[in-house]
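Chemist: Requesting a structural model of the entry that follows:
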Amino acid sequence: MAEQLRILEGATFCICDELGDLHGEVEGLFSEDTRFLSRLRLTVNGKRPLLLSSDKIEYFSAAFFMRNPLVDGLSQDALSIRRERFVGDGMQDTFGVQNQSMERIEFDLELEIGADFADIFAVKDYDFALGDPLRAKPLPKPRPAVYDADRNQFLISDDGELPLKTQVIMSQRGEVKDSSVRFHLALEPRERWDLQVEVIPLPDGEQVAPRFAELRFGEEVGRVRDSLAAWQLRVPQLRTSWDALGRAFGQSVSDLASLRMRSDNTRMSKLPGAGVPWFMTVFGRDTIITCLQTLIFGPELARTALEVLAELQARDDDPSIDAEPGKIVHEVRRGKAARTWFERYYGTADATPLYLILLSEVWRWTDDAALVRDLKGPALAALEWIDKYGDRDGDGFVEYERRTERGLENQSWKDSWDSQRFHDGTLALAPIAPCEVQGYVYDAKRRTADLARDVWRDRELATRLDQEAEQLRVRFDEAFWVEERGGFYALALDGDKRKVDSLCSNIGHLLWSGIVPPNRVDAIVDQLMGDQLWSGWGVRTMSTADAAFNPLSYHNGTVWPHDNSIVAAGLARYARWPEAQRIVQRMLTAAQHFGYQLPEVFAGMRRSETPFPIAYPTAARPQAWAAGTPVLLLQLLLGLQPDRRRHSLETVAPLELPSWAGTIRLTGVRAFGRLWDARLEEGRVRVEEA
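Modeler: Next up is the predicted model:
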């Protein structure tokens, strides 16, 4: 399989091969969860060019350098071909073909064009089936491309219910046959020929006049570059002697900029999509965790997420989309995908308590009582959902069970169909109460009690929430603790209240939430850092001693960077600094092997057996909470914590940090409306107002 490049600007993105071509399989130009271009292949005298080199320039642009194939009298290296691509609202390809020989040469350059208007889920299913036609559902057939000679453009229309069209405008005229255009070229020595091809997705079917297309794309290039520059200036600036940290942090800044969605809803346009290629949309859980990871960037992203998710919060009990009043949305889709899946889907058990945690954390970093008062209604509705709908059977734990046959079978962060397994490999049956969700609920009630006490001035509610949280802590320990194998908390309780007794990384989330009592901490830390869960690159999602363990299984043995960042935060919460620092070091070392861009997930093979971390074949990359991981790891390494009472940024890092951390200077951290600088020198961290 050829190397893929992913070029994007928000929710518009292109997946192509190393020559820049689209072949009608997984490749394509996508917008609004629909593939608007599925085929764009370049040939010279009927054969594909030979690659010299290609790569992304910035997240929204790439360059491809090629030479001619040995065919029909063309000598080796007679032609150089430069292809540049920009993605904004649409896509622009610019071709420069130059005769590098000493003789006049003639040849045909041909472009084949096609669009099938497949929804993103159809392409995703095909990708996950690895293109095997026996396993994958067939993709739609390409629609006819109609050539408009007056405008020198192709127009491709979908035949479905939506008025979808793709407009392909060319700057040069050639010989058109069906869905191809052939340019017969004769170039003198050193002569160059140029072609510009502009691909415009038209979700509403309204064409763009060709004479405005070039101007439109010129404005787009400037807008995107200005947007990236403004984003880079707003985030904290990092200088460090530790190269892996500096480069991974810089890549995270770029990735999070690239994932910002463009939307008619101006507030939603500021939020990052969950990940390329399949998740370029709002995901409640992913959005919240990304915001929690990146609060040192300032509160704007998190404030926007809280407001947008409040607008999307369910008001009605609707089994067809797994919605109940007060529940935070799981996923939002547009276009054809909204018809294939759902426009809004609420099948998640954890986004609702995580929403309350984010609200509290923004308050801790800003002391913004007005925001907390404005969002009191959504917060109280979320609390009511936890108690009334989340706790389905009144046993004090939040469970999930899908109510629509089209919904997700598993509705925790490990939402693949086979993620909830007992130690012997047996699948757990719903309703399922995941362990980490109980921790989130505990933390959410503790935090919301503080909001009720200090902002809403409702002491009765605060007292009740504190009592409920403490009761949950005791009840959780009794119901979930497994004595065998050294002691740990079960992954979940199944529908019969049996402990789903596989050892999984979820126990690290329990440290993050604070639900683990002091007498259990040693056992949990030992399990996380023991040989069964610790791969050497990070904490695995499932231990090697469980029957279902597979280092290549999506949720049953792989390593997830965001998961490890939460585990590290949990270790830091309990002042287990050596273990937290070990995760920081190894995760950023792993990033080096992925071009400093951590993927969604990688294989859980033992570090001692692999010279580098092994890629997972269908991992989203870039992905929001993977991009947020280096940012949170940097915060944890420096021990940065807000002190709301004193309106100051403090460090809780140990007095001596490891020598491998080198020197660090982080400037422009925003908290309480002011800027702060943090320095690590000679093993010690100092924080001061800028």
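
Chemist: Point out where the stretch 251-400 of the chain drops to low pLDDT.
Modeler: Residue ranges of the stretch 251-400 of the chain with pLDDT under 70: 262-270.

Chemist: before we move on, what about the chain?
Modeler: 1-2, 130-136, 210-218, 262-270.

Chemist: Go again with 50.
Modeler: By pLDDT under 50, the weakly predicted segments of the chain are 1.

Chemist: Let me see the contact set for the closest residue to residue 503 other than its chain neighbours.
Modeler: When the adjacent residues along the chain are set aside, residue 503 lies closest to residue 543, with 4.0 Å between them (Cβ to Cβ, 6 or more residues apart in numbering). Quick note: C-beta positions are derived from backbone N, CA and C, even for glycine. By Cβ atoms under 8 Å, 6 or more residues apart in numbering, residue 543 lies in contact with 502, 503, 504, 527, 532, 533, 549.

Chemist: between those residues, which is nearest residue 101?
Modeler: Distance to residue 101 across the contacts of residue 543 (Cβ to Cβ) is lowest for residue 549, with 58.4 Å.

Chemist: Quick check: that closest one touching residue 558?
Modeler: No - the pair residue 549 and residue 558 fails to qualify as a contact (Cβ atoms under 8 Å) at a distance of 10.2 Å.

Chemist: Find residues that contact each of those two.
Modeler: In contact with both residue 549 and residue 558: residue 540, using Cβ under 8 Å, 6+ apart.

Chemist: Who has more neighbours out of those two?
Modeler: residue 558 (26 against 21; other Cβ atoms under 10 Å).

Chemist: gap between the more buried one and residue 590?
Modeler: 12 Å (Cβ to Cβ, to the nearest Å).

Chemist: any shared contact partners between the two?
Modeler: Common neighbours of residue 558 and residue 590 (Cβ under 8 Å, 6+ apart) are residue 602.

Chemist: quick one: the residue located most distally from the centre of the chain from residue 191, how far?
Modeler: Taking Cα atoms, centre = their mean, the residue of the chain most remote from its mean C-alpha position is residue 103, at 50.8 Å. Counting by Cβ to Cβ, the gap from residue 103 to residue 191 is 11 Å.

Chemist: same check, this time on residue 230
Modeler: Residue 230 is 41 Å from residue 191, by Cβ to Cβ.

Chemist: where along the stretch 201-350 of the chain do the strands fall?
Modeler: Secondary structure of the stretch 201-350 of the chain (DSSP state E, counting those that start in this stretch): strands located at 237-240, 331-332, 344-345.

Chemist: The next helix or strand after the last one packs against which elements?
Modeler: Sequence order places helix 351-366 as the next helix or strand after strand 344-345, per DSSP states H and E. The criterion is 3 or more Cβ pairs under 8 Å, 6 or more residues apart in numbering; DSSP states H and E, and the helices and strands that helix 351-366 contacts are helix 284-293, helix 300-312, helix 369-374, helix 376-384, helix 435-454.

Chemist: Compute the inter-axis angle for helix 351-366 and helix 435-454.
Modeler: 50 degrees (axes from the mean of the first three to the mean of the last three Cα atoms, to 10 degrees).

Chemist: one step back: among the strands of the stretch 201-350 of the chain, which is the most enclosed?
Modeler: Each of the strands of the stretch 201-350 of the chain was scored by mean neighbour count; the highest is strand 331-332, a mean of 22, by mean count of other Cβ atoms under 10 Å.

Chemist: So residue 397 sits against residue 492, correct?
Modeler: No - Residue 397 lies out of contact with residue 492 (Cβ under 8 Å); the separation is 9.5 Å.

Chemist: more crowded one of those two?
Modeler: Each of residue 397 and residue 492 has its neighbours counted (other Cβ under 10 Å); residue 492 has more, 33 against 25.

Chemist: Count the neighbours of residue 457 for me.
Modeler: The tally of other residues near residue 457 (other Cβ under 10 Å) stands at 9.

Chemist: ditto for residue 467
Modeler: Residue 467: 12 surrounding residues under other Cβ under 10 Å.

Chemist: Over to it: give its phi and psi.
Modeler: phi -70, psi -40 (degrees, to the nearest 10).

Chemist: Would you quantify the distance from it to residue 405?
Modeler: 39 Å.

Chemist: got the CA positions of stretch 310-323 in CSV?
Modeler: C-alpha atoms of stretch 310-323 as CSV (Å, rounded to 0.1, in the frame of the first residue of the first chain):
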residue,chain,number,x,y,z
ALA,A,310,-24.8,23.1,26.1
GLU,A,311,-26.6,24.1,22.9
LEU,A,312,-26.4,20.5,21.7
GLN,A,313,-27.4,19.0,25.1
ALA,A,314,-30.4,16.7,24.8
ARG,A,315,-33.8,18.1,25.8
ASP,A,316,-36.0,15.1,25.0
ASP,A,317,-36.1,11.4,25.7
ASP,A,318,-35.5,10.0,22.2
PRO,A,319,-34.6,6.3,22.0
SER,A,320,-33.9,6.5,18.3
ILE,A,321,-30.7,8.6,18.9
ASP,A,322,-30.0,7.3,22.5
ALA,A,323,-30.9,10.7,23.9
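
Chemist: distance between that stretch and the chain's centre?
Modeler: Counting by Cα atoms, centre = their mean, to the nearest Å, stretch 310-323 is centred 24 Å from the centre of its parent chain.
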